[in-house]
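**Student:** build the 3D model from these lines:
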Amino acid sequence: MLELLRTGTGICSRKVLQEGLQQVLYDFIIKGIKGFAFEELTDLLEEASWMSE
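**Tutor:** Residues are numbered from 1 along each chain as shown. Next up, the predicted model:
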């Protein structure tokens with residue numbers, strides 16, 4: 001998912017960004033994406049668990 005984000009939007013690696021605000025913003029965006037993906041996966045697993053009972 002992160003690779004699709006990079007290629008689709010042109011976001012570069014964190015290493016390329018300047019220290020400070022750019023890296024903080026990058027970290028915030030990535031943390032949000034990971035959190036969203038984890039929540040969606042958790043919901044999917046709960047639904048699958050309920051359906052398999």
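**Student:** what about Phe38, distance to Cys12?
**Tutor:** The spacing between Phe38 and Cys12, counted by Cβ to Cβ, to the nearest Å, is 24 Å. C-betas here are computed from N, CA, C, even on glycine.
**Student:** pLDDT (mean, whole number) over stretch 14-32?
**Tutor:** When pLDDT is averaged over stretch 14-32, the result is 85.
**Student:** how about it: buried residues?
**Tutor:** Leu17, Tyr26 (16 or more other Cβ atoms under 10 Å).
**Student:** name the SS class of Gln18, please.
**Tutor:** Secondary structure state of Gln18, per DSSP: H, G, I helix; E, B strand; the rest coil, is coil.
**Student:** and it, its phi and psi?
**Tutor:** Geometry field for Gln18 lists phi and psi as phi -70, psi 150, criterion degrees, to the nearest 10.
**Student:** would you mind measuring from it to Tyr26?
**Tutor:** The gap separating Gln18 from Tyr26 is 10 Å, by Cβ to Cβ.
**Student:** ok, Gly35 next?
**Tutor:** 15 Å.
**Student:** same deal with Leu45?
**Tutor:** If you measure Leu45 against Tyr26 using Cβ to Cβ, the figure is 29 Å.
**Student:** could you do Thr42 as well?
**Tutor:** Distance check for Thr42 against Tyr26: by Cβ to Cβ, it reads 25 Å.
**Student:** next: Asp43.
**Tutor:** With distances taken as Cβ to Cβ, Asp43 is found 26 Å from Tyr26.
**Student:** now swap in Gly32 and tell me
**Tutor:** On the measure of Cβ to Cβ, Gly32 and Tyr26 end up 11 Å apart.
**Student:** also Arg14?
**Tutor:** Spatial separation of Arg14 from Tyr26 under the definition Cβ to Cβ is 5 Å.
**Student:** and what of Ile33?
**Tutor:** When distance is defined by Cβ to Cβ, Ile33 is 11 Å away from Tyr26.
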